[in-house]
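> Next one to model:
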Amino acid sequence: MKPSPIGHFYEDFIVGEVINHELSKTIFESDNNLFSLLTINNHPVHTNIDYASKNQHGKVLVVGTLVFSLAVGITVPDISGKAIANLGYEDVKHLAPTFINDTIYVRSTILDKRESKSKNDRGIIYVESIAYNQNGVDVLSFRRHVLVKKREF
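Reported below is the predicted structural model:
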């Protein structure tokens, strides 16, 4: 069996193309608790069932930056597996709440691409990714510029 390649070269990206990423992740209570501890986010809406039950959504909310981190990770095999660097993230939007036991999926659209002005062996892709849950509700979106290797130079 041939090993699975990770990522794509600059030439492989097509402006306007939509990629439905194969990876997904169900967010468990342990994921949310560990992320809260690691990032020192002690807000009780993320870690206290009693507190959360008495607030707007009535249950524990998953930390938004965990959803963002998972969405980025889910895109790695298709978007940044051959990246030299992520140059910047922008326009991060939390579109709807995410709860314990929600499953996150992601789709990405290639918005633009251009060759590097300083080095001939790479180019920059501009991509928008949208994370959505098991019910098809969009929960998070973001855009980023990714510096990607060219195939053979």
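> can we go C-alpha only for contacts and neighbour counts from here?
Will do.
> Tell me which other helices or strands the longest helix along the chain touches.
Under DSSP state H, the helix in the chain containing the largest number of residues is helix 64-75. Packed against helix 64-75 by the contact rule (3 or more C-alpha pairs under 8 Å, 6 or more residues apart in numbering; DSSP states H and E) you find strand 103-115, strand 122-132.
> residues of the helix or strand that that helix is followed by that come out buried?
On the C-terminal side of helix 64-75, the closest following helix or strand by DSSP states H and E is strand 83-94. Under the neighbour-count criterion of 16 or more other C-alpha atoms under 10 Å, strand 83-94 has 83, 92, 94 buried.
> Can you tell me which of those lies closest to E115?
A83 (13.6 Å; C-alpha to C-alpha).
> that older thread, now do the longest helix of the chain and strand 83-94, the angle between them.
140 degrees (axes from the mean of the first three to the mean of the last three C-alpha atoms, to 10 degrees).
> buried stuff in helix 64-75?
Those buried within helix 64-75 under the rule 16+ other C-alpha under 10 Å are 64, 66-68, 70-75.
> Which pLDDT value does the model give R151?
Listed pLDDT for R151 reads 88.
> for M1, same thing?
67.
> Would you mind confirming that S24 makes contact with I104?
Yes. In terms of C-alpha atoms under 8 Å, S24 counts as a neighbour of I104; the distance is 5.6 Å.
> Please say which of the two ends up with more neighbours.
I104 (26 against 19; other C-alpha atoms under 10 Å).
> From what I see, the more buried one and Y132 are in contact.
Yes. I104 is within contact range of Y132, at 5.7 Å (criterion: C-alpha under 8 Å).
> Show me the shaky parts of the chain.
1-4, 153 (pLDDT under 70).
> so which helix or strand takes in the nearest residue to V45 once chain neighbours are set aside?
Spatial nearest neighbour of V45, excluding adjacent residues (C-alpha to C-alpha, 6 or more residues apart in numbering): A52 at 4.7 Å. With secondary structure defined by DSSP H and E, A52 is part of helix 49-53.
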